[in-house]
Structures are given as C-alpha cells and as structure tokens.
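[1] my questions are about this predicted structure, shown below with the sequence.
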Amino acid sequence: MEQREKGILGEKVAKVYAQRHGMEFLESNYHSRYGEVDLIFKDRNDVLAFIEVKLRNDGSLISGIEAVGKRKRSRIIKTACDYIQKNNIEMQPRFDVAEIKCNNKKRPVRINYIRNAFGLEGLNEIF
C-alpha cells in the first residue's frame with residue numbers, strides 16, 4: 001500500500017470514528033502556507049477539533065502520537081490559526097491525534113483517539 005493510500009484509509013477511519021462520537025465534519029486536508037490539517041470537526045460545546053491522523057502497522061516501533069513531534073505540532077497549530085482567521089471562527093480549538101493500527105493484511109483493526117493530544121505549551125516561538 002502506497003503512502004497516499006495509507007493516508008486516505010486512515011482519514012476515512014478517523015472520520016467515521018469522529019462522526020460516530022457526535023462530531024460534525026467540516027473539512028479534510030486543509031492546506032495553508034504552514035502545512036496541512038488532516039481533518040477538522042466541530043465537537044460539542046463549540047469546540048473546533050483539528051485532527052492529525054497517523055496510520056501504523058501493528059508492532060510499529062513508533063506510535064502515532066510519538067510521530068507528531070514539536071515541529072509537526074507547530075505546523076498544525078499555525079495551520080489551525082490560519083483556518084480560524086480565514087473563516088472568522090470564534091470556537092475554542094482542540095488538537096487531537098487519531099492513531100490507527102493495521103494488521104499484517106493492511107486492514108484497520110484498532111483506533112486510539114487522543115483528545116487534547118497537545119496544546120500551545122512550549123510552542124511560544126510560533127507567535
């Protein structure tokens with residue numbers, strides 16, 4: 001399975017998961033000059049969830065959350081700020097990570113959805 005196919009599969013699984021948990025889909029693959037956000041959802045209580053999707057093979061040495069390092073978080077946050085500003089949104093942002101594990105046949109078998117996976121702490125230099 002090619003990298004882009006893996007990304008599409010992971011995003012589909014994460015999208016279905018979020019919708020089943022009462023979140024309203026807004027956009028996928030939002031690009032700015034800073035980077036990309038995989039999925040954007042509106043959650044309860046006027047929270048805007050920016051979701052980074054990570055698809056991993058079962059037994060992978062690096063988890064999905066570990067793959068979202070400081071540089072990647074910084075790009076996601078800047079892109080989220082761009083989205084909020086361009087769409088004149090007044091909702092509280094939240095940054096989630098959806099880790100999706102695949103079996104040896106490349107089929108999704110488990111999702112670990114992490115709400116508030118990261119925030120702005122330690123990233124003061126981006127502003």
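    Nice, I can see it. Source: prediction; values computed, not measured.
[2] report the secondary structure state of Lys15.
    helix (DSSP: H, G, I helix; E, B strand; the rest coil).
[3] that one touches Ile40, doesn't it?
    No. Using C-beta atoms under 8 Å, Lys15 is not in contact with Ile40; the gap is 10.6 Å. Every residue, glycine included, has its C-beta placed from N, CA and C.
[4] neighbour count winner among those two?
    Taking neighbours as other C-beta atoms under 10 Å, Lys15 and Ile40 compare with Ile40 leading, 24 against 19.
[5] list residues touching both of Lys15 and Ile40?
    Residues touching both Lys15 and Ile40 (C-beta atoms under 8 Å, 6 or more residues apart in numbering) are Ser28.
[6] after the helix or strand where Ile8 lies, which helix or strand is next?
    Element membership for Ile8 (DSSP states H and E) is helix 3-20. The helix or strand immediately downstream of helix 3-20 is strand 24-31, counting by DSSP H and E.
[7] list the buried ones in that following strand?
    Ser28, Tyr30 (16 or more other C-beta atoms under 10 Å).
[8] outside of that strand, which residues touch it?
    For strand 24-31, the surrounding residues in contact (C-beta under 8 Å, 6+ apart) are 11, 15, 18-19, 36-43, 48, 79, 83.
[9] restricting to C-alpha, output stretch 20-31 in CSV.
    Once non-C-alpha atoms are left out, stretch 20-31 reads as follows in CSV (Å, rounded to 0.1, in the frame of the first residue of the first chain):
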residue,chain,number,x,y,z
ARG,A,20,-20.0,8.2,15.4
HIS,A,21,-18.9,10.1,18.5
GLY,A,22,-21.2,13.1,17.7
MET,A,23,-18.7,15.3,15.9
GLU,A,24,-19.7,17.3,12.9
PHE,A,25,-17.4,17.1,9.8
LEU,A,26,-16.3,20.4,8.4
GLU,A,27,-13.2,19.8,6.2
SER,A,28,-10.4,17.5,5.3
ASN,A,29,-6.9,18.1,4.1
TYR,A,30,-7.0,21.9,4.8
HIS,A,31,-3.8,23.5,3.5
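[10] mean confidence score for it?
    Taken as a whole, stretch 20-31 carries a mean pLDDT of 97.
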